[in-house]
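K.L.:
Fold the following and give me the result.
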Amino acid sequence: MAQSMAQSQDTRRWWALAALGVGVLTLGFDITIMNVALPTIATDLSAGTDALQWMVNAYVLVLAGLMLACGALGDRYGRKRLIQAGLLVFALASAVAAWADSAGVLIAARALMGVGGAVLMPIAFAVVAVLFAPHERGRAVSVLVMGVGAGIPLGPIIGGYLLEHFWWGSIFLINVPLAALALVAIALLLPESRDPAPPRPDVPGGLLSTAGLVALVYGLIEAPGRGWGDPLVLAALAVGAALLAVFVRWELRTPEPMIDLRLFRRAQFLWGSLAGVLVTFGLLGLLFALPQYLQLVRGYDALGTGLRLLPLIGGLIVGAPMGEKLAARAGYRLPVAVGLLVVAGGLAVGAATETDSGYGFVAAWLAVVGLGIGMSLSPAMEAVLGALPPERSGSGTAITMTLRQAGGALGVAVLGSLLAQGYTDRLALSSDLPGPAAEAARDSVAGALAVAERMNLPTLAGSAKDAYVHGMGLVLLTTAAIALLSAALTAAFLRGRPAEHAEAPAERSAV
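P.N.:
Next up, the predicted model:
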C-alpha cells in the first residue's frame with residue numbers, strides 16, 4: 001500500500017511538471033512569435049513603426065521588470081496560487097490581444113501578458129526545487145529548460161503556420177487552450193508550497209527593483225534604433241543603474257529584504273546564474289540575426305525560415321539530458337564548461353557562413369549550437385536551484401531569471417548595434433543613388449533590397465546581402481568569444497554537484 005501511494009505521488013509530480021512545461025513553452029514562443037506577424041498587423045491596425053516595436057517590446061519590458069517582485073510573492077503567498085494567477089492573467093491577456101481592434105489595445109494586452117509571464121517563469125522553476133529531491137532535480141530542470149529554450153525558436157514556426165491558415169489574432173489565441181490545460185493540470189496535481197516563515201513585505205525593495213529594471217531594459221530596447229548616444233537612451237540607462245544601485249543598498253541594509261543578495265556569495269549560485277545569462281545573451285543575439293539572413297538573404301518565407309531553425313531545437317533536446325547526466329557524474333562544472341565550448345565552436349563555424357552557403361552547412365552549426373546550449377543551460381539552472389534553500393526558491397530563482405531576461409535584452413541591443421554597424425560599413429552605394437533611396441538602403445538590408453527591386457539595381461541587392469552576412473559574421477564571432485570566456489570562467493569557479501540521495505523537499509515545505 002505504501003509503495004503504491006509513493007508511486008502515485010511520484011507520477012503526480014511528473015505530470016505536474018509536464019503541465020508547467022506547457023506553460024513555459026507558451027512564454028518562450030511568445031517572445032518571438034510576434035515578429036512574423038508584424039507586417040500583417042501593421043496593415044490591419046494601421047500601426048506605425050513605433051507601435052510595432054512596442055507590440056514586441058512591451059512583453060519583454062514588463063516580464064523583466066516584474067520578475068524579482070513576483071518570485072518573492074510566490075514564496076510568501078503560495079507558489080501554486082501564484083502560478084494559477086499568472087496563467088489566468090496570461091490567458092485573458094492573450095484573448096484580448098487576439099481580438100484587439102487598435103494598436104494601443106494590443107500593446108496593453110502584450111504588457112499584461114508580460115505580467116502573467118513574470119509570475120509564471122520564476123515560480124515554475126522554483127517549484128522544481130520544492131517538488132523534487134536533489135537527485136531528481138536535474139531531469140526536472142531539463143524539462144523546463146527544453147520548454148523555454150524550444151519555445152523561442154518555435155515562435156516563428158508556429159506564427160508562420162497560423163498566419164498562412166488563419167487571421168493574425170490566432171498567434172495569441174493559441175495560448176488560451178494551452179494555458180487552460182495547464183491550469184486544470186496544476187489544480188489537480190501540484191501541491192501548494194510557500195516559505196513557512198516569510199519576511200514582511202518589502203514594498204520599497206519591490207518598487208525600486210521594478211522601476212530600475214524597467215528603466216534599464218527600456219534603454220537597452222531603444223538603443224539599437226536611437227543610438228547609444230541618444231539622450232533618452234543615456235537617461236534611461238543612468239536612471240535604471242542608479243535605481244538598481246539604491247535597490248542593492250536597501251536590500252543589504254534592511255532586516256527583512258525581498259531578495260537575499262547574499263546568495264551571490266555562493267560560488268555555485270553566482271557562476272550558475274552568470275552562465276545562464278551569457279547563454280541567453282548569445283541565444284537571443286543569434287535569433288535576432290539568423291532569421292533575417294534566412295528570409296532576406298536566402299529568400300525563404302516566414303514559415304520556411306522557422307522550419308529551418310529546427311536543428312537548433314533538435315540540438316537543445318539532445319543536449320539537455322546529456323548535461324543532466326554529466327552533472328550527475330562529474331558535477332556542474334564539466335557540462336556547463338563543455339557546453340559553452342561547444343556553443344563557442346558552433347558560433348565560430350557559423351561566422352564563416354556566406355551569402356551562397358548551402359542550408360546543410362547552416363543546419364549543422366545550428367545543431368551544434370543547440371547541443372551546447374542544452375548541455376550548459378540545464379545544469380547551470382540546476383546549480384542555481386541547488387544553492388537555494390527551498391523556502392526561498394521563488395525569490396532566488398527570480399534573481400537568475402531576471403538576469404537572463406536583462407542579458408537577453410542586452411544581447412539584442414549590443415549585437416543588434418554591431419550588426420547594423422557591420423552592415424553599414426560594408427555596404428557599397430552608387431554615388432548617383434538619390435538621397436532618400438540611399439538612406440533607406442543604409443537603414444537596413446530589407447530597405448536596400450526594396451530599393452534595388454524598385455529601381456532594378458541587382459548590384460545594390462548583391463552588395464546589401466554581402467554586407468548583411470558580414471555584419472552577421474561579426475555578431476557570431478562576438479558571441480563565440482563571449483561563450484569561450486564564459487567556459488573559462490565556469491571551469492575556474494563553478495562548484496557543486498547534485499546530491500545523490502535526498503528527501504523530496506515538497507514533503508518538508510508543502511503546506
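K.L.:
tell me which residues of the strand or helix carrying Leu207 are tucked away?
P.N.:
In this structure, Leu207 sits in helix 203-226 according to DSSP states H and E. If you call a residue buried by 16 or more other Cβ atoms under 10 Å, then helix 203-226 has these buried ones: 205-206, 208-224. C-beta: built from backbone N, CA, C; applies to glycine.
K.L.:
With stretch 358-375 instead?
P.N.:
Neighbour counts over stretch 358-375 (16+ other Cβ under 10 Å) mark 362-363, 365-375 as buried.
K.L.:
could I get those as a markdown table with distance to Phe493?
P.N.:
Formatted as a markdown table, the buried residues of stretch 358-375 follow (distance: Cβ to Cβ, whole Å):
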| residue | distance to Phe493 |
| --- | --- |
| Val362 | 34 |
| Ala363 | 34 |
| Trp365 | 28 |
| Leu366 | 29 |
| Ala367 | 29 |
| Val368 | 25 |
| Val369 | 24 |
| Gly370 | 25 |
| Leu371 | 24 |
| Gly372 | 19 |
| Ile373 | 20 |
| Gly374 | 22 |
| Met375 | 18 |
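K.L.:
Sort those by pLDDT and name the bottom one.
P.N.:
Minimum pLDDT across the buried residues of stretch 358-375 is recorded for Gly374, with 85.
K.L.:
Find the residue closest to that one in space, skipping its chain neighbours.
P.N.:
Leaving aside its sequence neighbours, Gly374 sits nearest to Gly319 (Cβ to Cβ, 6 or more residues apart in numbering; 2.5 Å).
K.L.:
Quick one: neighbours of that neighbour, just the number.
P.N.:
Applying other Cβ atoms under 10 Å, we find 30 residues neighbouring Gly319.
K.L.:
Does it touch Ile373 like I think?
P.N.:
Yes - Gly319 lies in contact with Ile373 (Cβ atoms under 8 Å); the separation is 6.5 Å.
K.L.:
what is in contact with those two at once?
P.N.:
The contact sets of Gly319 and Ile373 overlap at Gly339 (Cβ atoms under 8 Å, 6 or more residues apart in numbering).
K.L.:
residue ranges for the strands of the stretch 351-500 of the chain, please.
P.N.:
In order along the chain, the stretch 351-500 of the chain carries no strands (DSSP state E, counting those that start in this stretch).
K.L.:
so where's it shaky on pLDDT?
P.N.:
The stretch 351-500 of the chain contains residues with pLDDT under 70 at 388-398, 409, 498-500.
K.L.:
switch to 80 and redo it
P.N.:
By pLDDT under 80, the low-scoring segments of the stretch 351-500 of the chain are 378, 381-382, 384-417, 428-448, 451-452, 496-500.
K.L.:
Got the domain ranges for the chain?
P.N.:
7-199+258-432+457-509, 200-257 (automatic domain parsing).
K.L.:
how about those domains in JSON lines, adding distance to Glu439?
P.N.:
Formatted as JSON lines, those follow (distance: least, Cβ to Cβ, whole Å):
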{"stretch": "domain 7-199+258-432+457-509", "distance to Glu439": "10"}
{"stretch": "domain 200-257", "distance to Glu439": "15"}
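K.L.:
Can you tell me which of these is nearest to Gly447?
P.N.:
Proximity to Gly447 (Cβ to Cβ) singles out domain 7-199+258-432+457-509 among those, at 8.5 Å.
K.L.:
rewinding a little: just checking, next helix/strand downstream of the helix holding Leu207?
P.N.:
Once the chain leaves helix 203-226, the next helix or strand it forms, by DSSP H and E, is helix 231-253.
K.L.:
any low-confidence regions in the stretch 101-250 of the chain?
P.N.:
Counting by pLDDT under 80, the stretch 101-250 of the chain has low-confidence residues at 121-157, 160, 163-164, 186, 188-203, 205-206, 209-210, 213-214, 217, 220-228.
K.L.:
can you pull the contacts of Gly282?
P.N.:
Contacts of Gly282 by Cβ under 8 Å, 6+ apart are Val343, Leu347, Ile373, Gly411, Thr479, Ile482, Ala483.
K.L.:
one more time with 6 Å, if that's ok
P.N.:
Gly282 makes contact with Thr479, Ala483 under the criterion Cβ atoms under 6 Å, 6 or more residues apart in numbering.
K.L.:
what mean pLDDT would you report for the strand or helix carrying it?
P.N.:
Mapping Gly282 onto the secondary structure by DSSP H and E places it in helix 267-292. For helix 267-292, the mean pLDDT works out to 80.
K.L.:
Quick check: what element follows that helix along the chain?
P.N.:
Following helix 267-292 toward the C-terminus (DSSP H and E): helix 302-307.
K.L.:
that older thread, if you compare the domains of the chain, which one is most tucked away?
P.N.:
Stretch with highest mean neighbour count among the domains of the chain: domain 7-199+258-432+457-509 (a mean of 21; mean count of other Cβ atoms under 10 Å).
K.L.:
how distant is that one from the center of its chain?
P.N.:
Distance, stretch centre to chain centre, for domain 7-199+258-432+457-509: 3 Å (Cα atoms, centre = their mean, to the nearest Å).
K.L.:
got it, and stretch 440-453?
P.N.:
29 Å.
K.L.:
Okay, angle between the helix holding Gly282 and helix 203-226 too, please.
P.N.:
Angle of helix 267-292 versus helix 203-226, following axes from the mean of the first three to the mean of the last three Cα atoms, to 10 degrees, is 30 degrees.
K.L.:
From Gly282, how far off is the closest residue in space to Val368 that isn't next to it in sequence?
P.N.:
Distances taken as Cβ to Cβ, 6+ apart place Gly346 nearest to Val368, at 3.4 Å, with adjacent residues excluded. Gly346 sits 10 Å away from Gly282, going by Cβ to Cβ, to the nearest Å.
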